[in-house]
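Participant: how would this look folded up:
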Amino acid sequence: SYVKPIESHFLPFMEDAILAEIVLGNICSLSEAIDYIKNTFFYVRYLKNPDKYGRKPGKDPQEFLFDKIFTTLENLHTLRLIRFDPTNNVVEHTELGRIASHYYVSCQTMEKLCNYLAVYEEDDQKKLWEISENNLLGIIAQANEFEQISAKPDEEEELGKLKKQFSHIEVDMEFKSLHKSTKTPGQEKGGSSFDSLEKVILLMWGYFNGVRYDNYSLTADTMYIVQNGSRIIRCLLDIAIMQNAASLAETILVVTRNLENCVGPDQTPLRMFCLDNYERSAVAMKAQNHEISRMNYLQGATCHKLETFGQGMMNVYDVGSMRDNFAPVFDLHLPEAQTKLLRMAVNAFPLLDIEYEVKPIAQSILEVTVYIKPMLRHNRPWHFGREVVWVLAVDGRELLHHSQVLINPAESDLRTLEEVGREHSIRHSF
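Facilitator: Next comes the predicted model:
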């Protein structure tokens, strides 16, 4: 009986694989790249049937493979992911290449991100310094990782409802210029009136607002988008920091927080302590904590009431002002248990008291010492063992310095927030 041979699908992913090996230091020259390919299953199948892998008839298989690897290195060099010296056949990775490999972002996606963020522009006047949150989500939705997410005919009705609900959400045309529409308007072909970009954006906003679907495929696609979107947004953050774009980095940090904690831009930040939001958040997906007590979290109805009826009484988006004046919350007439939890959430929200000192070291060098006092009350279900704080030193639109500082929010419930802040203050100099 005839058995169909197993073929390799390595060729479309050769750029990503070679880049990863270069970043790891396993490939430092063209000859090492060739040796790496010769140790793959692709090479075994290629020698058996070279025509199936694109070799033109009559061309030497080894010569074709050499040209393929050489072209791959040239493409990576063009994308500024590596530095390739064709004279000496030496390769080394760049910061962009390290970022792409670290976050497992494909080279095609990296090219789109760099084009939209104007990384390849030499003129500072043409670089992207600011971006809206809607456009940022639109850029993420165009990642090649989401190409396989296509709208199905049986999803048409629910996607139509989402489009009507979020009709005010729009991505500027300049941030959709690299997108190739997959829309199939011919319904007689069994297609959909929504393309992949529209579907991904709508599912992102449905995720923020806790929309539940009758079609399970939409729920599964939402989980896939959130898991991969968290990785891609972190990649964008590293690119913005590399560009020293302060405002862009701050916007990306806000979207990162919203995406990972399932908190919409128009929702109170206390939603991160809400059970409905936590259960579907990227943080919960990573934690995989199946023993979640509903008694430890705010109810969705509590947060909705706070956002709907609390607007005229207080600024529900400024947790600091709520901590200073909690009295208006009692006018919402919440259940006693939820009022108590809400007060705990306000005190547990990670606010920081920051002071700094500047001391001249030389004519063009300053030493900045930042004193960070965490003003929060530790709650085990809500906090990690250590929380990460980003420290950004900004001069206008330029990012001068960035670093991450770990704070330990654990403390006794009997002490006041001011005592906790004094005891756990952190000194950070740069």
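Participant: ok, the nearest residue to residue 245 once chain neighbours are set aside - contacts?
Facilitator: Closest residue to residue 245 apart from its sequence neighbours, by C-beta to C-beta, 6 or more residues apart in numbering: residue 129 at 5.2 Å. Where C-beta positions appear, they are placed from N, C-alpha and C, glycine not excepted. Contacts of residue 129 were listed using C-beta atoms under 8 Å, 6 or more residues apart in numbering, and they are 245-248, 397.
Participant: how about low-confidence regions in the stretch 1-150 of the chain?
Facilitator: Per-residue confidence for the stretch 1-150 of the chain (pLDDT under 70) gives these ranges: 1-2.
Participant: circling back to that earlier point, the residue nearest to residue 245 and residue 250: what is the separation?
Facilitator: In this structure, residue 129 and residue 250 are 11 Å apart, going by C-beta to C-beta, to the nearest Å.
Participant: Same check on residue 56?
Facilitator: 51 Å.
Participant: Could you check which of the two is surrounded by more residues?
Facilitator: residue 250 (16 against 8; other C-beta atoms under 10 Å).
Participant: Next, the buried residues of the lengthiest helix in the chain.
Facilitator: The residue-count maximum for a helix in the chain (DSSP state H) belongs to helix 216-242. Buried residues in helix 216-242, counted by 16 or more other C-beta atoms under 10 Å: 218-219, 221-222, 224-226, 228-242.
Participant: Stretch 20-32 too?
Facilitator: Applying 16+ other C-beta under 10 Å to stretch 20-32 flags 20-23, 27, 29-30 as buried.
Participant: out of those residues, which are inside helices?
Facilitator: Going by DSSP H, the helices hold 20-23, 30 from these.
Participant: Tell me the one of the residues you listed nearest residue 282?
Facilitator: For those, the residue nearest residue 282 by C-beta to C-beta is residue 20; the value is 23.7 Å.
Participant: Contacts only, for that closest one.
Facilitator: By C-beta under 8 Å, 6+ apart, the contact set of residue 20 is residue 101.
Participant: hmm, back to that, now do the phi/psi pair for the residue nearest to residue 245.
Facilitator: The phi/psi pair for residue 129 (degrees, to the nearest 10) reads phi -110, psi -20.
Participant: same deal with residue 352?
Facilitator: Residue 352 adopts backbone torsions of phi -130, psi 140, taken as degrees, to the nearest 10.
Participant: got the residue ranges for the strands in the stretch 101-250 of the chain?
Facilitator: In the stretch 101-250 of the chain, no strands are defined using DSSP state E, counting those that start in this stretch.
Participant: now residue 98, nearest residue through space, not along the chain?
Facilitator: Spatial nearest neighbour of residue 98, excluding adjacent residues (C-beta to C-beta, 6+ apart): residue 23 at 5.5 Å.
Participant: now swap in residue 219 and tell me
Facilitator: Counting by C-beta to C-beta, 6+ apart, the residue nearest residue 219 is residue 213, at 5.4 Å.
Participant: From residue 352, how far off is the one you found?
Facilitator: Noted for residue 213: a distance of 38 Å to residue 352, by C-beta to C-beta.
Participant: cool, residue 56 as well?
Facilitator: Counting by C-beta to C-beta - residue 56 and residue 352 are separated by 63 Å.
Participant: Run a quick neighbour tally on residue 91.
Facilitator: Using other C-beta under 10 Å, residue 91 has 24 neighbouring residues.
Participant: Repeat that for the one 5 residues further on.
Facilitator: Burial measure for residue 96: 22 neighbouring residues, criterion other C-beta under 10 Å.
Participant: I'd assumed it was in a strand, is it?
Facilitator: No. Looking at residue 96 with DSSP: H, G, I helix; E, B strand; the rest coil, it is helix, so not inside a strand.
Participant: Which neighbouring elements make contact with the longest helix of the chain?
Facilitator: Here helix 216-242 touches helix 95-102, helix 107-116, helix 133-141, helix 196-208, helix 246-261, helix 282-287, going by 3 or more C-beta pairs under 8 Å, 6 or more residues apart in numbering; DSSP states H and E.
Participant: just to revisit the earlier point, how far away is the residue nearest to residue 98 from residue 307?
Facilitator: Counting by C-beta to C-beta - residue 23 and residue 307 are separated by 44 Å.
Participant: Please apply the same query to residue 52.
Facilitator: 58 Å.
Participant: Same question for residue 15.
Facilitator: As judged by C-beta to C-beta, residue 15 and residue 307 stand 46 Å apart.
Participant: Tell me which of those two has more neighbours.
Facilitator: Between residue 15 and residue 307, counted using other C-beta under 10 Å, the more crowded position is residue 15 (21 against 17).
Participant: My read is that the more buried one contacts residue 75, right?
Facilitator: Yes. Under the criterion of C-beta atoms under 8 Å, residue 15 makes contact with residue 75 at 6.3 Å.
Participant: Quick check: neighbours shared by the two?
Facilitator: Going by C-beta under 8 Å, 6+ apart, residues that sit against residue 15 and also against residue 75 are residue 107.
Participant: can you confirm residue 400 is in a helix?
Facilitator: No. With three-state DSSP as the criterion, residue 400 is assigned strand and is not in a helix.
Participant: residue contacts, it?
Facilitator: 244, 393-394.
Participant: between those residues, which is closest to residue 275?
Facilitator: residue 394 (35.9 Å).
Participant: Quick check: closest non-adjacent residue to that closest one.
Facilitator: Nearest one to residue 394, counting by C-beta to C-beta, 6+ apart, is residue 246 at 4.2 Å.
Participant: any idea how far residue 232 is from that neighbour?
Facilitator: Applying C-beta to C-beta, the value for residue 246 to residue 232 is 21 Å.
Participant: same check, this time on residue 393
Facilitator: According to C-beta to C-beta, residue 393 and residue 232 sit 26 Å apart.
Participant: Residue 178 now?
Facilitator: Using C-beta to C-beta, residue 178 is found at 15 Å from residue 232.
Participant: about what we covered before: so residue 213 and residue 352 - more neighbours on which side?
Facilitator: residue 213 (18 against 15).
Participant: so how far does stretch 381-391 reach from one end to the other?
Facilitator: 25 Å (C-alpha to C-alpha, to the nearest Å).
Participant: what helices or strands is the host helix or strand of residue 62 leaning on?
Facilitator: Counting by DSSP states H and E, the element that carries residue 62 is helix 61-78. In terms of contacts (3+ C-beta pairs under 8 Å, 6+ apart), helix 61-78 is packed against helix 14-24, helix 30-38, helix 41-48, strand 82-85.
Participant: Who's the closest spatial neighbour of residue 401, skipping the chain neighbours?
Facilitator: Residue 401 sits nearest to residue 393 (C-beta to C-beta, 6+ apart), 3.9 Å away.
Participant: you'd agree the one you found is up against residue 369?
Facilitator: No. In this structure residue 393 lies outside contact range of residue 369 using C-beta under 8 Å: 11.5 Å.
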